[in-house]
Each structure stands twice: as structure tokens, then as C-alpha cells.
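Enquirer: Just to be clear, the model below is a prediction. Sequence and coordinates:
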Amino acid sequence: MMSTSRGGTAAIVPAAGRGERLGPGAPKALRSIGGIPILVHAVRSLVSSGRIGLVVVAAPPNGVDGVRELLCEFGESVHVVPGGDTRQRSVALALDAIPETYEIILVHDAARALTPPSLVTAVIDAVATGSDAVIPVLPVADTIKAVDSSGTTVTATVDRSTLRAVQTPQGFRRSLLIKAHAAATAMDTTDDAGLVERLGLPVTVIPGHTEAFKVTTPFDLLLAEAVWSERDKAAEPHA
């Protein structure tokens, strides 16, 4: 069994993208929820688990200094590197910056800002107890239709009982994640577990969490504000 000490686990947060679907303005990771930048929320979720020895953030190449300043509260536990022109490249660059002493690597979307620390811990434990690649998932609630290439006609109704919506953090044995990225093609990927699947290797699923949703659209941002407000109320001391 691999070590689960703070020195045994590192996390990567790719945050170099702009997030165009959120509308004009600052890069998505720098937008705010409750007055706190999304990226800060995401890093706090990781650090608050008490199980992460190092977080490496892949920032926009022209914004590295600003991101470092934004994350200064975390001190030496967070390292910022320039990201690449794709998500896969950003993760690979961050992975190169992690010392070899870390045996478990998590990859976490900055946009999943309100992920509970308990989910971070669950992913680490699943890798530590023998799974080489682990992803948190939720059952798909909506009916799913397949459509033709024009996008105008239904071709089939998909059996949703075997479908799952994937979240992050995703957890990996370090050597496997390195191997998966080394084999990556020029095609960008939004999911590191997909790179492992391309190697023909198994990926383990564990239960995800409803609050680990991805902030992608303006509606998601409103939802995140509401969730954060409720958390704030719950945390307030009672008279």
C-alpha cells in the first residue's frame, strides 16, 4: 500500500484556460464566488483535506505572477507554473514540476470550486488501497438521446443505467499518469482518466458529490453563489 502521508500525495490544478462559456471577463478560474476567486476555493478544498503535500497550479503563461500573488496564503504548499495551450499540455507541464517523492497524483478542475474535502480524501484512499486510476462519478438523471450528425434528429435513446457523469479530483498512481500523458496524441482531452482508458487499463469509479459540480455557465455561477451562501450560514456561530 502506498503512503498517504502529506508527502505522498500531490495535486495538479490546470487553470490556464479562459472559460469562454462563462461570458466575457476575467479567465474563469479568476472569477469569484462569494467574493473569493474560484481558483482559491478549489485550492482550499484540496489543502483542507489535510492529505495534500503539494498543489501545482498551471496558470495562463502571461498571468503566472498574478496567480502566485493570488495564492500566497498557501505559502510553500502551492507552486505555480506556466500552463500550455491545451488542458492536457497544462497537466503534463504541472506533472513535470512535481518531485518524484509524490506517489499519488490528483488532477482537479479549478472550476469544481466547491468540491468538499471529504471527496478529495475518498479519491486518495481509493488509490492508496490499490486502484491505479480513480474517478468520482454521479448517476445520470436526465434521459439521454443520441442524434445524427446534423444534430436535428434523434437516432436512439441511450440506456442511462450504465452512464455516469464524471467529476474531479481524479486520482492516479504517479507512474501511470506519466505513462498516460506520454502516450497522449495532439488531440486535447478534458479528462485524464480518458488517457488511461486509451492505454487499455482499468479506471475505478467511486461515488461523487453533488457540490463538486463544474462552474461553466453563468447559471452555474449563480448556483455556486447559492451553495456558498448556504455554507456560510451553516458555519456562522449560533447565538
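Expert: Done, it's in. Numbering: from 1, shown residues only.
Enquirer: How much space separates Gly208 from Ala165?
Expert: Gly208 sits 8 Å away from Ala165, going by CB to CB, to the nearest Å. From N, CA and C alone the C-beta is placed, and that goes for glycine too.
Enquirer: for Thr143, same thing?
Expert: From Thr143 over to Ala165 the distance is 14 Å, taken as CB to CB.
Enquirer: Looking at the two, which one has more neighbours?
Expert: Neighbour comparison, Thr143 and Ala165: the larger count goes to Ala165, with 14 against 8 (by other CB atoms under 10 Å).
Enquirer: Who does that one form a beta bridge with?
Expert: Counting by DSSP bridges, Ala165 is bridged to Leu138.
Enquirer: what about Asp125, how many neighbours?
Expert: The burial count assigned to Asp125 is 16, neighbours taken as other CB under 10 Å.
Enquirer: Now name the helix or strand holding it.
Expert: If you go by DSSP states H and E, Asp125 is part of helix 117-128.
Enquirer: looking only at pLDDT, what's the mean for that helix?
Expert: Helix 117-128 shows an average pLDDT of 98 in the prediction.
Enquirer: go on, stretch 68-88?
Expert: Predicted confidence along stretch 68-88 averages 94 (mean pLDDT).
Enquirer: If you count neighbours, what's buried in it?
Expert: For stretch 68-88, burial by neighbour count (16 or more other CB atoms under 10 Å) applies to 70-71, 74, 77-84, 86-88.
Enquirer: With stretch 170-179 instead?
Expert: Under the neighbour-count criterion of 16+ other CB under 10 Å, stretch 170-179 has 170-174, 176-178 buried.
Enquirer: where does the protein dip in pLDDT?
Expert: Scanning the chain for pLDDT under 70 picks out the ranges 1-7, 18-28, 186-188, 236-239.
Enquirer: what helix or strand is Val56 on?
Expert: Secondary-structure assignment from DSSP H and E places Val56 in strand 54-59.
Enquirer: from the chain's centre, how far out does that strand sit?
Expert: With CA atoms, centre = their mean, to the nearest Å as the basis, the distance from the averaged C-alpha position of strand 54-59 to the chain average is 12 Å.
Enquirer: name the helices or strands packed onto it?
Expert: Contacts of strand 54-59 with other secondary structure elements, assessed using 3 or more CB pairs under 8 Å, 6 or more residues apart in numbering; DSSP states H and E, are made with strand 9-14, helix 38-47, helix 64-70, strand 78-82, helix 87-96.
Enquirer: Test my guess that Asp192 contacts Gly171.
Expert: No - assessed by CB atoms under 8 Å, Asp192 is found out of contact with Gly171, at 9.7 Å.
Enquirer: Pull the contacting residues for Arg173.
Expert: Remark: with contacts taken as CB atoms under 8 Å, 6 or more residues apart in numbering, Arg173 is in contact with 2, 103-105, 127, 132-133.
Enquirer: Please repeat the previous calculation with a cut-off of 10 Å.
Expert: 2, 103-105, 127-128, 130-134, 179, 196 (CB atoms under 10 Å, 6 or more residues apart in numbering).
Enquirer: Next one: Gln199 relative to Ala180, how far apart?
Expert: One thing to correct before we go on: residue 199 is Leu, not Gln. As defined by CB to CB, Leu199 lies at a distance of 6 Å from Ala180.
Enquirer: show me what contacts the closest residue to Asp109 other than its chain neighbours?
Expert: Distance criterion CB to CB, 6 or more residues apart in numbering; nearest residue to Asp109, sequence neighbours excluded, is Thr168 at 4.6 Å. With contacts defined as CB under 10 Å, 6+ apart, Thr168 is in contact with 11, 13-14, 42, 106-112, 115, 119-120, 123, 135-136, 191-193, 208, 212, 214.
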